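Chemist: Model the following, please.
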Amino acid sequence: MADIPVNKAAHPFDKTRFEALLNRRFFYAPSFEIYGGVAGLYDYGPPGSSLQANIIAEWRKHFIIEEHMLEIDSTIMTPAPVFETSGHVARFADWMVKDTKTGDVLRADHLVKGVLEARLAGDKEARGLAAQPPQKEDEKKKKKKGAVKNVAAVQQLPDDAVKEYEVILAQLDNYSGPELGELCRKYDIRNPDTDNEVTEPQQFNLMFTSSIGPTGQHPGYLRPETAQGHFLNFSRLLEFNNGRVPFASAQIGRSFRNEISPRAGLLRVREFTMAEIEHYVDPEDKRHERFDQVRDVVLDLLDRDVQASGKTQVRKISVGDAVAAGVIANETLGYFVARIHQFLVKIGVDPSRLRFRQHMANEMAHYAADCWDAEIQNSYGWTECVGCADRAAYDLTVHSKKTGHPLVVRQALKEPIITERLVAEFNKKVLGKTFGKDAGVIQSVFADLSETRLLEIQGELAQGSAVVTTPDGRELTLTHEVVTIERKTFKQSIREFTPNVIEPSFGLGRILYVLLEHNFWAREQDVERGVLSLPAVVAPTKVLIVPLSAKEEFNPLIQEVSSKLRKAGIFSRVDDSNTSIGKRYARNDELGTPFGVTLDFASVQNRTMTLRERDTTGQLIGDIDQVISVLVDLVNGNATWAEACNQLPTYDGVQAVD
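Modeler: This is a model prediction of the structure:
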């Protein structure tokens, strides 16, 4: 049978072999490596670049095309006033500590997490509950030098200490800088590389500073996110969309964050590719017209209340039920959380290792009303890979206030709204003559008065005069010669409002890394034969063409098959090396190539070709055109391997050759 069951869990995940594969096949590597490299900067090789491009292509289909989004491409270099207004200059920071002797810089929350998790691992080992994880190569080297304290020493902790550590870790994202410092003192948390104490946490702004112009007269920053480019172009986007909301803009591009201590490969870097969506919605109506299509999507949710209780248990709940219960704030936010889940699973993320964690009060971004992170479990723990925030009207409001440019929606009402209210009418000539420079102050005071207070002043004026208080506490007396208060009727045909923004934000490098981890395994019969089971939709190469001979008579067939696959939009490559066919397939299993076709001497005579599937290694056979037709359906997701097995006979390893 070609449809052979595969045991992908025959061997435990081996990070050393996994990283060796990524390095050997040049998925990515440290930038400037021959100069010694720079932490947090990486270059993608051919398979890594193709994988990222395919992830982006599927992201564009899944979101931009399916949701009719407006795609933009804004600049990386940004003038300082933009980020001063948005709040990034004041707030876009992490807490760092320094080794008191060496001066080494560490991110405070990562230090606390790493040390406490290591102590818990040592406790489990001491209790016989879990095997101690293998040490990293660099740790082994350091231990030989005697420079590192083993923070994961096998040592049983008191039961109450275990509970305390677990509660701290569950709430870690909610701690402020001073609170992280208190944890370091209370639990004697030190630099694990030196065993030295650390300083009190200090804030460090993560933006790269720069300047614009030859004299540096315009300070600027490399953007830490693409979002501001969306907001500053809102008026143009709204006009392009014929003045209607809801609508969404989307952007894929580079962002930069000067990470304090990048150590986890692609998971914490200083330059990375983001894909961000800004969905503009009426603040009074956050329903989504396609919500029913995702209502039944079941998610693993970790809400803020569970975290606040010191626990990390997720609950399975449908998006519809989560929105109805108020766990997820509104339909539009829930819709995008569900669509994020669908996208990640489609490109190959293991759904059993995917959860959505709600931000707690202290970690909520300054602009956010609610936020959920798609966190994906990997060998480094749970990693945030996508954020989905309700940014309310913050960004458009602050930029509008700063620039004087109205970033609002003007919406014609189906039925005009007729209202009556008290209004103050000033005799500006008398007002100016009587109060001089205070005339404007008086008008602004009246603009903020409630209906009740205006009614009181109306009565006081009828008695002769009324007293109002200025913002600086002075009392000014007014008469009916200066101001009169009358009830007037107003007809409102246009509603003006600042839209709210729902923002899904994707870190594509992180997604790429966890995708590789989730899809790496070793053959049951040979642990040295690594496989990347990447879905065809994102696999760097879709089809490997393997000619059994280098004879010239094979060339026309190779060219024919390659040409037909190209015309079908399928990326293939030919491996005509001298190694055995088994080794050629094994090499490409490591690259995640899902399918292979073999051309042999029977192909030359009979125009037959075998089709191999990567995971099962099962093979089918058929006419070249028939095999290509099946192959196109497999690569495009229109057929499964099981269905292909029903369309083509199983290859028994022998072909008739005259």
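Chemist: how about low-confidence regions in the stretch 151-300 of the chain?
Modeler: 151-152 (pLDDT under 70).
Chemist: Which residue ranges of it form helices?
Modeler: 159-170, 177-186, 227-232, 234-240 (DSSP state H, counting those that start in this stretch).
Chemist: which residues are in contact with the last one?
Modeler: Judged by CB atoms under 8 Å, 6 or more residues apart in numbering, the contacts made with helix 234-240 from elsewhere in the structure are 70, 72, 230, 245, 247, 249, 280, 396, 405-407, 409. All C-beta atoms are positioned from the backbone trio N, CA, C, and that covers glycine.
Chemist: how's the protein carved up into domains?
Modeler: 10-75+223-395+501-509, 96-205, 414-495, 541-647 (automatic domain parsing).
Chemist: confidence score at Met364?
Modeler: On pLDDT, Met364 comes in at 77.
Chemist: Wait, it touches Cys371, no?
Modeler: Yes. Contact criterion CB atoms under 8 Å: Met364 and Cys371 qualify, at 6.1 Å.
Chemist: So those two - more neighbours on which side?
Modeler: Cys371 (23 against 17; other CB atoms under 10 Å).
Chemist: For Ala392, which non-adjacent residue is spatially closest?
Modeler: Leaving out its chain neighbours, the residue that sits closest to Ala392 by CB to CB, 6 or more residues apart in numbering is Ala369, at 4.4 Å.
Chemist: Provide a list of residues in contact with the one you found.
Modeler: Ala369 neighbours (CB under 8 Å, 6+ apart): 329, 389-392, 500.
Chemist: and with 10 Å instead?
Modeler: 283, 329-330, 333, 389-394, 500-502 (CB atoms under 10 Å, 6 or more residues apart in numbering).
Chemist: Over to Arg223?
Modeler: 74-78, 82-83, 88, 207-208, 229, 253-257, 274.
Chemist: swap in Asn191?
Modeler: 97-102, 104-106, 111, 115, 148-149, 151, 197-198.
Chemist: List the ones among those that fall in helices.
Modeler: Using DSSP state H, 111, 115 are the members of those that sit in helices.
Chemist: What remains of the contacts of Asn191 if I keep only buried residues?
Modeler: 97-99, 105-106, 111, 115, 148, 151, 198 (16 or more other CB atoms under 10 Å).
Chemist: and the residues you listed, which of them are in strands?
Modeler: Members of the buried ones among the contacts of Asn191 lying in strands (criterion: DSSP state E): 97-98, 105-106.
Chemist: Check what pLDDT Ala131 gets.
Modeler: 50.
Chemist: correction: Arg612
Modeler: Arg612 is assigned 97 on the pLDDT scale.
Chemist: Provide the backbone phi and psi angles at it.
Modeler: The phi/psi pair for Arg612 (degrees, to the nearest 10) reads phi -110, psi 140.
Chemist: follow-up on the earlier one: could you dump the contacts of helix 234-240 into JSON lines and include distance to Lys163 and neighbour count?
Modeler: Converted to JSON lines, these look like this (distance: CB to CB, whole Å; neighbours: other CB atoms under 10 Å):
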{"residue": "Leu70", "distance to Lys163": "51", "neighbour count": "18"}
{"residue": "Ile72", "distance to Lys163": "49", "neighbour count": "18"}
{"residue": "His230", "distance to Lys163": "45", "neighbour count": "25"}
{"residue": "Val245", "distance to Lys163": "49", "neighbour count": "17"}
{"residue": "Phe247", "distance to Lys163": "49", "neighbour count": "20"}
{"residue": "Ser249", "distance to Lys163": "47", "neighbour count": "28"}
{"residue": "Tyr280", "distance to Lys163": "45", "neighbour count": "24"}
{"residue": "Leu396", "distance to Lys163": "45", "neighbour count": "25"}
{"residue": "His405", "distance to Lys163": "54", "neighbour count": "12"}
{"residue": "Pro406", "distance to Lys163": "54", "neighbour count": "12"}
{"residue": "Leu407", "distance to Lys163": "49", "neighbour count": "21"}
{"residue": "Val409", "distance to Lys163": "51", "neighbour count": "18"}
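Chemist: Mind picking the one among the residues you listed that's closest to Ser176?
Modeler: Nearest to Ser176, judged by CB to CB, of the contacts of helix 234-240 is Leu396 at 28.5 Å.
Chemist: So the closest one: helix, strand or coil?
Modeler: helix (DSSP: H, G, I helix; E, B strand; the rest coil).
Chemist: my guess is it meets Tyr280, correct?
Modeler: Yes. At 8.4 Å, Leu396 and Tyr280 qualify as touching, with contact defined as CB atoms under 10 Å.
Chemist: who touches both of these two?
Modeler: Both Leu396 and Tyr280 are contacted by 230-231, 234, 409, 498-501, under the criterion CB under 10 Å, 6+ apart.
Chemist: What sits closest to Phe336 if chain neighbours are left out?
Modeler: Among residues not flanking Phe336 along the chain, Pro504 sits closest, at 4.9 Å (CB to CB, 6+ apart).
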